[in-house]
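Participant: Any chance you could fold what I've pasted below:
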Amino acid sequence: MSLSEKNSVVEGDQVSVEDRRLLRKVDCRLLPVFTLLYLLSFLDRSNIGNAKIDGMTTDLGVSAASYNTALAIYFVGYVVFEVPANSFILDNKCNPQVWLPSLTLAWGLVSIGQGLVKNQAGLFGIRFLLGATEAGLFPGVIYVFSVYYRRHERSWRVAIFFGGAAISGAFGGIFAYSIGLMDGVGGRRGWQWYVPVPIYHLVNPSAKRIFILEGILTVVISLIAYFIVPTWSHEAKFLSEAEKTRLLDRLRADSDAGTDQAFKWSSVLDAFSDHLVWAYAFLFHGFSFVLYSLSLFLPTIIAGLGFQTWQAQLMTVPPNVLASFSIWTTVYFSSKYNVRAPFIIGAAIVSIIGYILLIASTSPGVQYFGVHLAAAGVYTGNSLLLSWPGENVSGQAKRAVAVALQISVGDIGAIAGCLIYRPTLSSHLYRTPNLIAIGYLLFAIAMTTYLWVVMSVENRRRDRLLSKGEAKEESEEERIRLGDRSVRYRYRI
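Facilitator: Residues are numbered from 1 along each chain as shown. Purely as a prediction, here's the structure:
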């Protein structure tokens, strides 16, 4: 099929009735299972915040400072294994149908172990393992999206997927409240019910078999996921041959995603030497500090407003629900007008206003409203920025590394957040760390502006070269090799 024939399959960003039908079929297969897996991932990493105010640190003899260290250690494991995990899925052509459920199974088993630890050392070790096992899910899913959807179609799907993080916060609050009511049941403290009773209870017929916890839920879902998560688009069995052909034609007309590219380490170097790739990473770094410090310390902050533990657990629900609706509403308009940067900046500003209310006001009601704004802004901004490199980095290996690098560098911000929200700075609802959070959001705005300006200038430069006939002719093979450096490639702003 010639390039002109491929372009006839999709004209601009318009989608035919047949394409819409195809996309619905792909959506139904990918979005529910991936969103559920990410919900479980975020739930298993952040429920420690709920467990803390239910008495976990006291029972394990973990000091307040060591608790912050335990939070940071999770992200150390996450950062260390992020790029290798995504390089692995591309280099070895590892089937995502096996790889992603296997990751879920692994962290589910590790999550179970969180309820079996007896001391601080055990908590540190299990948090590192949890980060290491969860590291490959997000970039792996983003990469799978890139081989099923055209560039402008990904942001809405990534937003739905990332919405699982906000939903997990709401679900986690309700779950934490319910588990808190189980304090003393079976001789166990309430927080211990976040993971199942010791494994030996499974083989002891006289023991109580109460497995109502998130670790075992993750394991069960992972086993089901082996039968649901799809493989590569060109091998997808849930699509007919005609549908696969049309899907690949759409991808080839839009980007390199429909081509079969051999892994090259030079593409990895291209990613590390591209200033835009680093800008995406630093952008997430700014937002990640706020995202994870807010999600991990939200129950503590709300409890600091004067509410009892059980009230604080339930009151984490509304901000997360608002964040979910904010994500989906904002990304709808972002996709409709095909712009990202202004909405990311707007989300950061909303979050900054929320933090200002939290810092400046002395009224619990106003401060709680500020928490809502902070959550809505930071979750929405993250949902938009996380799909940006997947849309703008061309070359399959380069894109895979760019996505993983974004998460790795970004999560260094999460490590900083965990260490800065320490007990010695907890006065006035963590006023000093909240001021630092505002600084991180301002940094994210600066990075967004940099990307916006640089890519706009480059798009105009390429338009000018083509309009003047000064652009070198490129074969399709050369266009794929050049990727986002091709004069015919346009960045999504």
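Participant: other SSEs contacting the one helix or strand residue 433 maps to?
Facilitator: Using DSSP states H and E, residue 433 sits within helix 427-467. On a contact count with 3 or more Cβ pairs under 8 Å, 6 or more residues apart in numbering; DSSP states H and E, helix 427-467 meets helix 275-304, helix 341-360, helix 364-385, helix 396-420. Any C-beta I mention is one placed from the backbone N, CA and C, and that applies to glycine too.
Participant: mind running it again at 7 Å?
Facilitator: helix 275-304, helix 341-360, helix 396-420 (3 or more Cβ pairs under 7 Å, 6 or more residues apart in numbering; DSSP states H and E).
Participant: Name the surrounding residues that touch the host helix or strand of residue 223.
Facilitator: Secondary structure from DSSP H and E places residue 223 in helix 214-225. Residues from elsewhere that reach helix 214-225, judged by Cβ atoms under 7 Å, 6 or more residues apart in numbering: 33, 36-37, 40, 43-44, 47, 101, 104-105, 107-109, 111-112, 114-115, 194-196.
Participant: Return the set of buried residues in that helix.
Facilitator: In terms of neighbour count (16 or more other Cβ atoms under 10 Å), helix 214-225 has its buried residues at 214, 215, 216, 217, 218, 219, 221, 222, 225.
Participant: Can you list the low-confidence ranges for the protein?
Facilitator: Residue ranges of the chain with pLDDT under 70: 1-15, 47, 49-56, 86-93, 165, 168-213, 255-265, 308-313, 476.
Participant: Now the element after the helix holding residue 433, going C-ward?
Facilitator: Note on helix 427-467: by DSSP H and E, the next helix or strand toward the C-terminus is helix 476-482.
Participant: helices and strands around the one helix or strand residue 83 maps to, which ones?
Facilitator: Assigned by DSSP H and E, residue 83 belongs to helix 64-91. Applying 3+ Cβ pairs under 7 Å, 6+ apart, we find helix 64-91 packed against helix 17-53, helix 120-134, helix 137-146, helix 396-420.
Participant: what is the orientation angle of the second one with helix 396-420?
Facilitator: Relative orientation of helix 120-134 versus helix 396-420 (axes from the mean of the first three to the mean of the last three Cα atoms, to 10 degrees): 160 degrees.
Participant: swap in the first one?
Facilitator: If you take the same axes, to 10 degrees, helix 17-53 sits at 20 degrees to helix 396-420.
Participant: same question, the third one
Facilitator: Following the same axes, to 10 degrees, one obtains 150 degrees for the angle between helix 137-146 and helix 396-420.
Participant: Which residues does helix 137-146 contact?
Facilitator: Outside helix 137-146, the residues that touch it by Cβ under 7 Å, 6+ apart are 34, 37-38, 41, 82, 85-86, 89, 96, 99-100, 103, 154, 157-158, 161, 257, 390, 399-400, 403-404, 407.
Participant: Next, residue 236: phi, psi?
Facilitator: Per-residue torsions, residue 236: phi -60, psi 120 (degrees, to the nearest 10).
Participant: Number of residues surrounding it?
Facilitator: Per other Cβ atoms under 10 Å, the neighbour tally for residue 236 reads 20.
Participant: wouldn't it be in contact with residue 230 here?
Facilitator: Yes: the pair residue 236 / residue 230 is scored as a contact, 5.3 Å apart, by Cβ atoms under 7 Å.
Participant: Identify the residues contacting residue 280.
Facilitator: Contact analysis of residue 280 by Cβ under 7 Å, 6+ apart lists 388, 389, 402, 406.
Participant: meant to ask about residue 271
Facilitator: Here residue 271 is in contact with 277, 398, 401, 402, 405 (Cβ under 7 Å, 6+ apart).
Participant: Check the residues you listed and tell me the two furthest apart.
Facilitator: With Cβ to Cβ as the measure, no two of the contacts of residue 271 lie farther apart than 398 and 405, at 10.2 Å.
Participant: how about the helices and strands packed on helix 64-91 in CSV, adding mean neighbour count?
Facilitator: Putting these into CSV (neighbours: other Cβ atoms under 10 Å) gives the following:
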stretch, mean neighbour count
helix 17-53, 20
helix 120-134, 20
helix 137-146, 24
helix 396-420, 25
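Participant: need these in a markdown table with distance to residue 479, can you?
Facilitator: Output for these, formatted as a markdown table (distance: least, Cβ to Cβ, whole Å):
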| stretch | distance to residue 479 |
| --- | --- |
| helix 17-53 | 23 |
| helix 120-134 | 36 |
| helix 137-146 | 17 |
| helix 396-420 | 14 |
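Participant: Residue 60 is nearest to which of these?
Facilitator: helix 120-134 (6.0 Å).
Participant: and the angle for that closest one with helix 64-91?
Facilitator: Interaxial angle, helix 120-134 versus helix 64-91 (the same axes, to 10 degrees): 30 degrees.
Participant: now helix 120-134, how far from the chain's geometric center?
Facilitator: Counting by Cα atoms, centre = their mean, to the nearest Å, helix 120-134 is centred 19 Å from the centre of its parent chain.
Participant: Remind me what it packs against, helices and strands.
Facilitator: Here helix 120-134 touches helix 17-53, helix 64-91, helix 96-114, going by 3+ Cβ pairs under 7 Å, 6+ apart.
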